[in-house]
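K.L.:
the following comprises the amino acid sequence and a computationally predicted model.
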Amino acid sequence: MDTLAGRHALVTGGGSGIGAAVARMLSEAGAAVTLVGRRGKRLEDAAKTMPKAAAVVADVTREEDCAAMIQAAHEAHGPVDILVANAGAVESAPIVATDPALWRRMIDVNLTGAFLTAKAALADLVREPVDEGRRVIFIASTAGLKGYAYVAAYCAAKHGVVGLARALGTELAGTGITVNAVCPGYTETPMLADSVADVARKTGRSAQDVRARLAHDNAHRRLVRPEEVAATVRFLCSPAAASINAQAICVAGGQA
């Protein structure tokens, strides 16, 4: 694939899991990378493994934090060319036990956070001169394409992220910027480990049994590796993907 030398990629939720894998892969392709998240030590440790990376602490659910995040990214590497909105969280509960606070948490971090992140970066992305190498990539989920029991708030938020990607991609069509959503199935990440522990605690099942059940829900009957999601993002950042826009791309072994 073509190099990303000279590009500046900002990755939210960049300290671990899919975000860290994406940041590493874009860095290996030559991009300068700004890693954003709420845990400074984790971000700094990840940034130290990359040749040209900066760590910025920000909460993407806060509009003022998103503005400050972009300013800090400018100071580190200049204007943003590639935005990967990956920050997210999941909590599980049946509908009858999903209170408004849980609902708001899931919408705030997964959907509103994606919106605020993209909005803050748009001035950079649409700057003159027009450049067909600029990208917005939302990390959604197969939960943005189908329904899963006990995570209605998360599913609603991720369906919203897919809609946001399709709407923004259509709005920016012709500017040279592409906007897409990447939708992983169950992926081997710290967030999944937390979910496994939570389900095991609530149901009395073993963690091993819960993991096996989640892996079985992916069409290829195994957990997705973060590097597989990162490779999809890397492809979408390449010139070869310049005509892929406003799409939701599933990374789950076969099912949508």
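P.N.:
Yes, it's here.
K.L.:
contact partners for the residue positioned nearest the centre of the chain?
P.N.:
The C-alpha lying nearest the average C-alpha coordinate of the chain belongs to N86 (CA atoms, centre = their mean; 1.9 Å). By CB atoms under 8 Å, 6 or more residues apart in numbering, the residues touching N86 are 11-14, 18-19, 22, 139. For every residue, glycine as well, the C-beta is placed using N, CA and C.
K.L.:
what of E63?
P.N.:
Neighbour list for E63: 116, 120 [criterion: CB under 8 Å, 6+ apart].
K.L.:
what pLDDT does the residue lying closest to G88 once chain neighbours are set aside get?
P.N.:
Leaving out its chain neighbours, the residue that sits closest to G88 by CB to CB, 6 or more residues apart in numbering is N110, at 4.8 Å. N110 is assigned a predicted lDDT (pLDDT) of 98.
K.L.:
mind checking how far N110 is from G254?
P.N.:
24 Å (CB to CB, to the nearest Å).
K.L.:
the helix or strand containing E227 packs against which elements?
P.N.:
Using DSSP states H and E, E227 falls within helix 226-236. Judged by 3 or more CB pairs under 8 Å, 6 or more residues apart in numbering; DSSP states H and E, the packing partners of helix 226-236 are helix 17-28, strand 135-139, strand 178-184, strand 248-251.
K.L.:
residues touching the nearest residue to D81 once chain neighbours are set aside, list them.
P.N.:
Excluding the flanking residues, the one nearest D81 by CB to CB, 6+ apart is R7, at 4.5 Å. Going by CB under 8 Å, 6+ apart, R7 touches 26, 30-32, 81-82, 133, 237.
K.L.:
list phi and psi for R7.
P.N.:
phi -90, psi 150 (degrees, to the nearest 10).
K.L.:
returning to what we had before: closest to Q208 among the contacts of R7?
P.N.:
Comparing the contacts of R7 against Q208 with CB to CB places L26 closest, at 33.8 Å.
K.L.:
which ones are touching that closest one?
P.N.:
4, 7, 9, 11, 33, 82, 84, 230, 233-234, 237.
K.L.:
thinking again about what came up before, neighbouring contacts of the helix holding E227?
P.N.:
By CB under 8 Å, 6+ apart, helix 226-236 touches 1, 17-18, 20-22, 24-26, 29, 84, 135, 137, 139, 178, 180, 182, 184, 187-189, 241, 244, 249, 251.
K.L.:
now the residues you listed: which count as buried?
P.N.:
Buried members of the contacts of helix 226-236, scored by 16 or more other CB atoms under 10 Å, are 17-18, 20-22, 24-26, 29, 84, 135, 137, 139, 178, 180, 182, 184, 187-189, 241, 244, 249, 251.
K.L.:
which residues of this protein score low on pLDDT?
P.N.:
1-2, 255-256 (pLDDT under 70).
K.L.:
how does it look with 80?
P.N.:
1-2, 192-193, 195-196, 198-200, 210, 213, 215, 255-256 (pLDDT under 80).
K.L.:
which residue ranges of the stretch 1-150 of the chain form strands?
P.N.:
8-12, 32-37, 53-57, 82-85, 135-139 (DSSP state E, counting those that start in this stretch).
K.L.:
the inter-axis angle of the helix holding E227 versus strand 8-12?
P.N.:
In terms of direction (axes from the mean of the first three to the mean of the last three CA atoms, to 10 degrees), helix 226-236 departs from strand 8-12 by 140 degrees.
K.L.:
can you confirm R213 is in a strand?
P.N.:
No - under the criterion used here (DSSP: H, G, I helix; E, B strand; the rest coil), R213 is helix, not part of a strand.
K.L.:
fine by me, we can end here.
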